[in-house]
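>>> the sequence and its predicted three-dimensional model are supplied below.
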Amino acid sequence: MSKKKSEELPNFYALSKLVPLWADNELETQVARTFVCEDIIGMDIENWREIDASEHLKQFLDYTEEAIDTYIESVGRCDDDTLYHMNNMKASCLSTIKVILTYVKAHEIIRS
C-alpha cells in the first residue's frame, strides 16, 4: 500500500467515527462537519489530534467576522442607528467566541 493510501485510511476511519454526531443534519452540524472534515483531511488526523481544541476554535473568530461583515455589506446603505446595532451584534458574537476560547483553554490547562 502506498504512503498516500495508508494515510487516507486513518483519516477515513477517524471521520467515520463521527457519523453519529452528524445525524441531525442541522445547518450548524453541517458547518461543523465541514470544518472538521477540511481540517482533518488538510492536516492529517495525527496532526489534528495534537493541536489543542482552543487553537482549532480560533478559526471561528475569522469565520464569524467575515460572515457578519458580508451580511452588513449585503444590507447596503442603512441609517447610522442600524449600522451601530449591527456592529454591536458583531462585537457581541466575536466576544462570545473569545469567551468560549478562554474557557476551553482553561479546561486544557487544568486537564494537562
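Received it, and whenever you're ready, just let me know what you need. Numbering: from 1, shown residues only.

>>> worst-scoring helix or strand of this structure, pLDDT-wise?
Taking mean pLDDT, DSSP states H and E as the measure, the chain has helix 3-17 as its least confident helix or strand, at a mean of 79.

>>> quick check, central residue of this protein?
residue 60 (4.5 Å; Cα atoms, centre = their mean).

>>> now that residue: which helix or strand?
Using DSSP states H and E, the element containing residue 60 is helix 59-75.

>>> that helix packs against which elements?
In terms of contacts (3 or more Cβ pairs under 8 Å, 6 or more residues apart in numbering; DSSP states H and E), helix 59-75 is packed against helix 80-111. (Each C-beta comes from the backbone N, C-alpha and C, glycine too.)

>>> any idea how far residue 65 is from residue 89?
Distance of residue 65 to residue 89, given as Cβ to Cβ, to the nearest Å: 12 Å.

>>> before we move on, back to that, my guess is the residue nearest to the centre of the chain contacts residue 94. True?
No - Residue 60 lies out of contact with residue 94 (Cβ atoms under 8 Å); the separation is 9.5 Å.

>>> noted, bye for now.
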